[in-house]
Every structure is written in structure tokens, then in C-alpha cells.
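>>> Everything below, folded, please.
(chains A and B)
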Amino acid sequence: MSDHDWNPADEQEEFTSNLPNPGGLAGALLPVAGFGVSLRNFFRPTVTEQYPSVPANIQPRYHGRHQLNRYPDGLEKCIGCELCAWACPADAIYVEADSNTPDHQMSPGERYGRVYQINYLRCIFCGLCIEACPTRALTMTNEIELAGPTREGLIYEKKDLLAPMEPGMLAAPHPMVEGTKDTHYYKGDVLGATESQKAWVRAHRPDDETLPEHAAAGTEQA
Amino acid sequence: MTATADNKPVTTDLVTVTIDGIETQVEKGTLIIRAAEQVGIEIPRFCDHPALKPAGACRQCLVDVASPGPDGNLRAFPKPQASCTMPVTEGMVVNTQHTSEEADRAQKGVLELLLINHPLDCPICDKGGECPLQNQAMAHGRPESRFVDVKRVFEKPLPLSTEILLDRERCVLCQRCTRFSKEIAGDAFIDLQNRGAMQQIGTFNEDVLNFDGYGPVGIAAEDEGGKAFSSYYSGNTIQICPVGALTSAAYRFRSRPFDLVSSPGISEHDSSGSAIRTDHRRGQILRRLADSDPVVNEDWITDKDRFGFAWQNQADRLTRPLVRKDGELVEASWPEALAAAAEGLKAAAGKTGTPADKKAKGVGVLPGGRVTMEDAYAYGKFARAVLGTHDVDARTRVQSEEEHAFLGTAVAGKGIGVTFAELEKAPAVLLVGFEPEDEGGVVFLRMRKSLGKQQVFTIAPMLTRGAEKLNATLIPAVPGHEAAALSALKGAKEAFKALKEPGAIVVVGERLAGVEGGFTAAVDLAKRAKAKLAWIPRRAGERGAVEAGALPGLLPGGRDAASTAARDAVAAVWGVELPHGKGRDADAIVAAAAAKSLDGLVIGGVDAADVSEDLLKAIATAKFTVSLEVRRSAVAEAADVVFPVAPPSEKSGTFVNWEGRLRSFATAIRTDAMSDHRVLDLIAREMGAEIGTGTIEAVNTEIAALGAATDAERPEAPAVEAPKAEKVKDGEFVLASWHQLVDEGSLQDGEPYLAGTARVAVARVSPATAKKAGLSGVVTISGVRRGSVDLPLAVTEGMADGVVWVPTKSPGSWVAQQLGVAPGATVVVKGASA
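Now for the predicted structure:
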């Protein structure tokens, strides 16, 4: 209990500005001087972005959603080495690797990433994973719309992260270009899917959408 | 003070050496690299390994050395010296990379040369992240490579067996693997080939093929002798490889060191109690490694210890209790399952308090030989204190009354007897009923360490390759008649003379239980020769079960269940009256259940194929069976109530190894799976009894309170007359059999790469017997009942005549289940009709 009752009048003090008062006309207009700023900006171009009704203006090197790239023949660049997971300061990346086999060749060489997850609730978009990636498999896109209603939805799986198939690419798994080693892929000697790779895919997955015949059919229908 | 220091006797074995300005005294003959370790200076190395002989192969450990010359003045060696091959001498001055620019420069130069042909494939290499070469290149290497030419390339990987893969590009030619295979395991299979820049670790000539039945099931490279490479210890080469040249097929590309949580543990695969490290990721075991334990397994484990862990996480793993309702096993809650188990066991044991109790015939308990000491104790106490019976036996294998008496007098409660170190130092070892390589695991490696210094004799039907590697002398014996061979060892016999040397050891295996008079003769021989006696069983839980009293006539600590004093001593701690009378052993329990003389069974980790009696038929006949299982095995499938229990990696406990050493281990992976002792505690409570085995601590406190038996409480020593040695009749074959280390045991399920290194199943007979019976190609062996096995014949020199050997549980040869007979029985062998 306090000694006396609280009285609002005790709290009220008269306002006095700390700014020096130049006096005269300027002094008299001082209380409304701030409107000048507003008035001046009525006649300047607007900088407000009309996002989301107008697409956001994103700089080319902005750190957006990740992407797992492919070689020109469609094989995945990711080798499941986990260096990105190792580099990640937020522990947002989870990778499990596996062996490539002749029947299931996902990437050039012996190893591929079987499980690849990025948790966008954890990711801080620092890009250290991109620096760590030895095959340039992991890069960042300009996509910034990474929000969602569920936790699970924000853990992106490998299928969500893989780059779209470009013309000339053939969906993995399929064998490496005949006569090449993984080094040829790294050096950029492989320029697209070869006939024998296409033949292999035809033999194993005749309905594969990335086969040229199906791709052509798809465009005709469209 | 100085006066006393001056008076101190000078130990001639010590030499004074100065390393990086630190003066220290080390034992004479110590290598510089070890002396440096003792004063806390690390010299980089690849080829050096404390358990292997020095090689000086990698040259990474170069240091500046100066030692006093004849005139006493310090004289420096003209060039840096390899510290892993040079022993210290009195007054030596060593400057490592820390104090000598020359040594540092030399080491950096060596590292640069090693990296010239090393591929830059660290991102896909399994060693990446825990690689000594990677670490040293980071710490001491040049940031940029000066090498611009094309690197040497090899085909990769080269499978040496289904389990071991060799990547020759990554090899730095340190020869740790080849030295291990030659010096430690005795299975030389890879060696240096070519010279200069093209030098590589390679396999032996593939053109020389000589099949003798020791080849593995899967593909494999050839060993030194041109035979297919087959080793039980090859996994160790992966662990000691300082680069990623040797990798395991099972762990290939599975994870990175930073993903793994490492927990120390004890292997559940054999009675050696090898220290292991379990590496797991997100609750899943990915690999196991050998932990260094100088008194037990040193730095090595068997491939079974290393690779056999997949069994516990197969699809048929039990997670919830099952209760049989309307003939079907359905998942049930714990309270429901406990109530069902308690009700059924009460009725079977006659503990319901109703007139029906008089008709109850009792319950038999089979814990199996794979559980921990605490679990075995709980099974024993549950049987005696709750079910009121002595019908409990952990020996689900060949067993005998005589063995029981032997275990009670010579093993149980005796503490640490013969040790690994004593076995290594023994001047002579006699093996009977025991194959060190197949049944002993690291016991074989310890004995092989003394190759040339130790005389090994083996009473067996034949000299196996494992025994050959120990340079053992065969004392041929027909299975079942080993006792006669033991008794015949006396007087001027070479083996007897050798055994009379102080420190000699007689090693008996669990198979001696199948030999009438075997244990009596072994004890007698040990007494006559004043040799020590060691019992080495196969399974990890055997010794623990003996100690904990999970045997029909043995109470904890080696007390005889027939002795009133022993019963009173245990009753005083347990607070319950112990049943009188005699218990049945495992075979008798199964037979009794099958003959409706037992109403119920409580079965732990027992594989139906372990026992030659038909366990599944017994379960079907018995009114009520409770199974405590990790997986939905055939036994669990047939039981009425099934409780899931934790596999060794998910529980803590103690295995007692064959030495009698307590090998406690903590939980590696925390799950809500409970160990057997806790489940039994819950069932007992539900039945209205308190056995106090809820926690490991409670069980161990009680075991400690009971202590070991006094001599008065022990059973009597075995005294069984051996049968007269009879000649094997013409046309008859005596069955010899034992488990191969890698076979189709239930703890090796789900590991195809390991299974590929198992030896092919063959039937072995002597050349004379094969000729006499006209056997060749594939033979059919049939027992007295049930089925038969068809195996390719391997004619084996020096084998006892009239004997046929087959592996106990290898692919296509499940002796207990298919033949239904034990070794020593007579079988029929015929050429297979195609």
C-alpha cells in the first residue's frame, strides 16, 4: 500500500522542446516544419514495391531457394558428399548418399545423393553450402517465396530442389556417356544425352517423359 | 635428498633421450616415435602402428637425430631419419618438426610426394573427415599443388571380397594392411606389386586356383597361396588404413564422421567380450569399429563383431507385445500382454491357488546363451522364485550333466581365471573341443601372436586351416572319443611333456559337453600336468549365465542347487523358499514340453535351429509359451505371448567373457525397448511376486550380495568314465561338426556382404575314407531322422578315418535342424544321386 493515492495530475508536465528555438517566423513555423518533408515527397518518384501484385525486383545474386543442378545429359551433379551439410552453420541440410550401380546410375562416378533435404525453417541463406559444393551441384535461385502452413512442407526434398529438365537432358537414372569418366563431366566435356543413353532409357523406361519422342508429343498436344 | 637420489640403483633398461629439448628416460629399444609420444610430442605417421612391426614405408615420420659417437661427442645423422624404425639410444638428441626446420621440410616434402598420385576424390571417399592423410595435408601440406601432370589411375574399386573394397589410387603404400594380414591374421591376400611409380597394393595371381573348401561364398580375390581370399579378420584392415584405400561395402557412402554418434560397447557375438565402438546416426547403427582394449582384444575384432549388427533392425523387429487371440498373434498393450502372460504362467506353474494347481506340470525356462549376465540372473531367479522350478538352462546347444558339474566346480564364481595375456604367454596350449579361429574369434589372434614361441596341440578329427596357421600339432580323435585321447596323454608323449611346462594351458570348448567323460579327462589331465584349464564357450552370454545361475543345478555364484547350505544362502538374499529337487537341462526341457510333461515355456533369445530337439513342436504342444524376443522369430511366431526386448545396442548390461572378466556396457542408442530382466520383473509383479530385477543396478547389487559359493556349497567335480575307444565300423561315419565363425547364425542376418565372406559349406572326409566309400563330388549326409544335407566333398589330408565333418549352421548345412543329431553321432554318407 502506498502512502497516498495516485493522482493523474501529478504525472502531467508541460512539454518543452529540446531543440534550439531560432525565434521569429522560423520559430513560429517550427511545430509544422515536418509537413515540409511530406510535401516535398509528393513530387518525387515512388520507391514502394507493389509486391505481391507486381513481381519483386530481385538482384541476380540474391540468395534464394537452393537448386540441385544437372549435367547436360540429365545426370545429377550431386554426389552426396555432405560437404554442404558439413558447412551449414544452421544444420539445415540432411544428406544420405548411396552407391551408383550400373542399373541405377544417378550421377557420374561411384556415389550419389539418395536423400537430400533442406529445412527452410532453419536455413539462414548464408550460401556457405554453395561455396562448399565440390561439383557445383548446389546453387541458389532467386526464388524467395518460401513460406508455408506446415513444418513438413518447408523441408524440401530432393525432388523439390532438383533443377528442371532442360532440352537435351534425359532423366536419371541412366548410364554415363559411353567412354567417359566422372572427370569428363566435371571438365564440361559432356554436352548432352547421347543416342546410347536414350536407347538405354527407352529399354528401361519406355514411358519416360524426357525421351525426345515424348517431349515432341507433349508440345504438339500443347 | 640428493644423496638418496644418488643411491638409487640405476636401471640399466632405461636410456636417456632428449626430444625437442625435453629430456626423458624411456625403456631401451623404444622407437623414437613412441618415446616422443610418451613426452606428448606427436610425429605425423601413416605406416606406423603400435601393434604391427615397424616398416618405415611411408617416410612421413622423418626427424633429425643426433647420437653420441664413440668419442662421446654428439654426431648428427646426415639426413633425417624415420622415427618409426629407429630405437632410441643413450644420449640421443631428437628434433622433430617442432624444433627442426630440416625435419619439417623433409616431412612436408614427403607429404607432397604422397599427394602426387593421390586422387582428389575426398568428397566421395568414405574416409573423408576422419582421414589422417587429409588431416595432415591440411595441417602441414602446401595450400596449392605444384603437380601439373596426369595422376596415376587404376580401376576402382577392386573387390577383395564381398566386404572389402580396394581403391588403389588412394593407397599411400604404407603396408599396414599387408602387415596386418601377414603378422596378425595370417591370411596374406594382398601385397606390394611392381616398383617405383607403378608400385601398388595388388591381389595375387588369379590363374592359380586350388579349391580346398576354405573359399568364401561370394566373389573374392586370391590370397598368397592362389586360393580365394577368405579371412575372418579382414575388416581390421579397413580400420587401420590411414587413407580411404580399403573401404567396407556395408558402410560405403553411408555417412560422414560428423553425422555419427559413437558409443563404446561390447560385442555380442562371442565369448571374448571384445571392445567395440558403435557408430550410429539417427538411431540407426551404421558401422562398428574395434575399440582398443589392451587386456582383451587389443586393437582387433572379428568381421562378425564388426559387420554383424543389421540383424536387430530388420523389418521383423518387434516393437509392441503380441498376444495370441483366436489362434492369431495380435499386437496388444503392455498391461494386456503382462496380464495374459501372468495368467498363463500361473496356470502352467500351478500358482493360481485353485484345485487345478495339482494338475499343473510346471514351466521350463530357456534364456538362451546370448543374453547378458543380468538377464540370465533374472531368468534364473524368475524360474526359481516365481515359477518354483529348477527347469532353467541357458545352454541351448550340446550339453551334459558332466559339463554342468564341471561348470559348477571349475568355472562359476571363480572370477578371472586364465586370461588372454596368460594364453598368449603360455609355452604350450592344448585345445580340445575348440577351434580358435571358428569359435574363439580374437582368441585365435592372441594365440597367433605367439606363433613360433608356443606349442599348440589340438585334439580334433582334423587340422583346420585356423589350426594350421597356429602351427598346431593334430592329435587325431574321432568325435565322441576325445576323452580317450586326453587320458592317453601321459609319460613321454610330446604333448604331455609340453603341457608340464609352467604356464601351459588346456583349453576346452563347449563342444566337449558332447563327449562322454570329456570334462573329467580334461580336469584330470590339467591336474596331472599341473596345467591351467580354461573353458571357452562360443556365445557371449554363456559365462554370464553360468555365473548368474541360469543352469538347472546351479544357483548364482556356482552354488549347487542340491546343497541345502547353498539354497539357504540364496534364500536368505531372495527372501523366498527355493524349490527342492533337480532341474531339467535344455534338451530335457524341450523334450518334456513336447511330451506334455511341462505345461509352459519361457523362452529368451533362442533360435529354433540351435537345438537338435524340435523346439517348435514343443512350443506347439506346450499349453502356454511366453517368448521374449527382439525379432519376430519362428519361436516368437509360435508363442502365446511375445514381449519385445532390447537388442544389446539398446540396453546396458554385462557380458562375462570366457576369462571371467566383467564386460559392462552402457546403452548405445536410447529407445524405449526394455531388457529381459526388466520385462521378467514386470511379469513377476503381475503374478504377485517381487524379484527386484527392474534395474541393472538392483540386479548387480544382488549378485554382489550373493557373491561366490564357498567350497561346501559347490557341486561335486565331474567323474564320468569315458567309454572305451571303439573303432568306427566299416561303412559308418561319425559326425564331426562345429560352427564356422561367419555362418547363418541369427545374429548375422541382414548382412549380405558379411555372408559373402562365409566359407562355403563342404563335407570333409579323409582320403582313405573317401576311397573306401567311393565318395566324390557331392555327398548326401543323413541322420537318424528328419532330413539330410547335400554338400560338396572336400577330401582332407590327415583327417581321422571314418569321420565326416560338416559345418553346423552354414548355408545348406544346418546340422541341428536338418539332421537332428549332435556331433559324435553316427550318420550315413552316400554319393548324391543326381
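
>>> Look at whichever residue of chain A sits closest to chain B and report its pLDDT.
Minimum separation of chain A from chain B (Cβ to the nearest Cβ) falls at A:C81, amounting to 3.5 Å. (Each C-beta comes from the backbone N, C-alpha and C, glycine too.) A:C81 carries a pLDDT value of 94.

>>> That one touches A:P134, doesn't it?
Yes - between A:C81 and A:P134 there is a contact under Cβ atoms under 8 Å: 6.4 Å.

>>> Which one's more surrounded, those two?
The neighbour comparison of A:C81 against A:P134 (other Cβ atoms under 10 Å in any protein chain shown) goes to A:C81, with 26 against 17.

>>> For burial, what's the neighbour tally of the residue of the stretch 351-500 of chain B found nearest chain A?
Residue nearest to chain A within the stretch 351-500 of chain B: B:G441 (29.3 Å; Cβ to the nearest Cβ). Residues lying near B:G441 (other Cβ under 10 Å) number 29.

>>> now A:R65
Neighbourhood size, A:R65 [other Cβ under 10 Å]: 18.

>>> ok, now how distant is it from A:E96?
21 Å (Cβ to Cβ, to the nearest Å).

>>> A:P8: how many residues sit nearby?
For A:P8, the neighbour count with other Cβ under 10 Å is 6.

>>> Can you list the low-confidence ranges for chain A?
A:1-4, A:215-222 (pLDDT under 70).

>>> For chain B, which residues are neighbours of chain A?
Listed as neighbours of chain A in chain B under the rule Cβ under 8 Å from any Cβ of the partner chain: B:123-124, B:128-129, B:156-157, B:252-256, B:258-259.

>>> what about the strands in chain A?
Assignment of strands within chain A using DSSP state E yields the ranges A:66-68, A:93-99, A:111-119, A:138-140, A:155-156.

>>> Common neighbours of A:C81 and A:P134, please.
B:P123 (Cβ atoms under 8 Å, 6 or more residues apart in numbering or on different chains).

>>> and the end-to-end length of stretch B:466-483?
23 Å (Cα to Cα, to the nearest Å).

>>> and it, average pLDDT?
Mean predicted confidence for stretch B:466-483 is 93.

>>> rewinding a little: run through the residues that contact the residue of the stretch 351-500 of chain B closest to chain A.
Here B:G441 is in contact with B:Y232, B:H269, B:D270, B:S272, B:S274, B:I301, B:T302, B:K304, B:D305, B:L741 (Cβ under 8 Å, 6+ apart).

>>> nearest residue to the second one other than its sequence neighbours?
For B:H269, ignoring the flanking residues on the chain, the nearest one in space by Cβ to Cβ, 6 or more residues apart in numbering or on different chains is B:K304 at 4.7 Å.

>>> How about the secondary structure of the one you found?
helix (DSSP: H, G, I helix; E, B strand; the rest coil).

>>> Next, count neighbours for it.
27.

>>> just checking, it touches B:E744?
No - between B:K304 and B:E744 there is no contact under Cβ under 8 Å: 11.9 Å.

>>> I'd assumed B:A383 was in a strand, is it?
No - with three-state DSSP as the criterion, B:A383 is located in helix rather than a strand.

>>> Enumerate every residue touching the nearest residue to it once chain neighbours are set aside.
Once flanking residues are discounted, B:A383 sits nearest to B:V392: 3.8 Å by Cβ to Cβ, 6+ apart. Applying Cβ under 8 Å, 6+ apart to B:V392 gives the contacts B:G364, B:V365, B:L366, B:P367, B:Y379, B:G380, B:A383, B:R384, B:A550, B:L551, B:P552, B:G583.

>>> right, and the pair among those residues with maximum separation?
Farthest pair in the contacts of B:V392 (Cβ to Cβ) is B:L366 and B:R384. Separation: 14.6 Å.

>>> so what's B:A689 up against?
B:A385, B:V386, B:V576.

>>> sorry, that was for B:R446
Residues in contact with B:R446 (Cβ under 8 Å, 6+ apart) are B:E298, B:F420, B:L423, B:E424.

>>> Residues of chain A that sit close to chain B?
Checking chain A against chain B by Cβ under 8 Å from any Cβ, the hits are A:79-83, A:85-86, A:96-99, A:109-111, A:134-135.

>>> Apply 10 Å and report the result again.
Counting by Cβ under 10 Å from any Cβ of the partner chain, chain A comes close to chain B at A:79-83, A:85-86, A:94-100, A:107, A:109-114, A:132-135, A:181-183.

>>> Mark which of the residues of chain B next to chain A are buried, thanks.
Listed as buried from these are B:P123, B:I124, B:G128, B:G129, B:K156, B:P157, B:R252, B:F253, B:R254, B:S255, B:R256, B:D259; burial here means 16 or more other Cβ atoms under 10 Å in any protein chain shown.

>>> Please point out which parts of stretch B:56-69 sit buried.
By 16+ other Cβ under 10 Å, the buried positions in stretch B:56-69 come out as B:G56, B:A57, B:C58, B:R59, B:Q60, B:C61, B:L62, B:V63, B:D64, B:V65, B:A66, B:S67.

>>> Can you convert those into a markdown table and add a column each for distance to B:P648 and secondary structure?
Output for those, formatted as a markdown table (distance: Cβ to Cβ, whole Å; DSSP: H, G, I helix; E, B strand; the rest coil):
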| residue | distance to B:P648 | secondary structure |
| --- | --- | --- |
| B:G56 | 41 | coil |
| B:A57 | 38 | coil |
| B:C58 | 38 | coil |
| B:R59 | 43 | coil |
| B:Q60 | 39 | coil |
| B:C61 | 39 | coil |
| B:L62 | 45 | strand |
| B:V63 | 44 | strand |
| B:D64 | 50 | strand |
| B:V65 | 48 | strand |
| B:A66 | 53 | strand |
| B:S67 | 52 | strand |
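
>>> that older thread, with respect to B:M687, which of the contacts of B:R446 is nearest?
Using Cβ to Cβ, these come closest to B:M687 at B:F420, 42.4 Å.

>>> For the residue nearest to the closest one when sequence neighbours are not counted, which three-state class applies?
Using Cβ to Cβ, 6+ apart and skipping residues adjacent in sequence, the residue nearest B:F420 is B:R446, 5.2 Å away. With three-state DSSP as the basis, B:R446 sits in helix.
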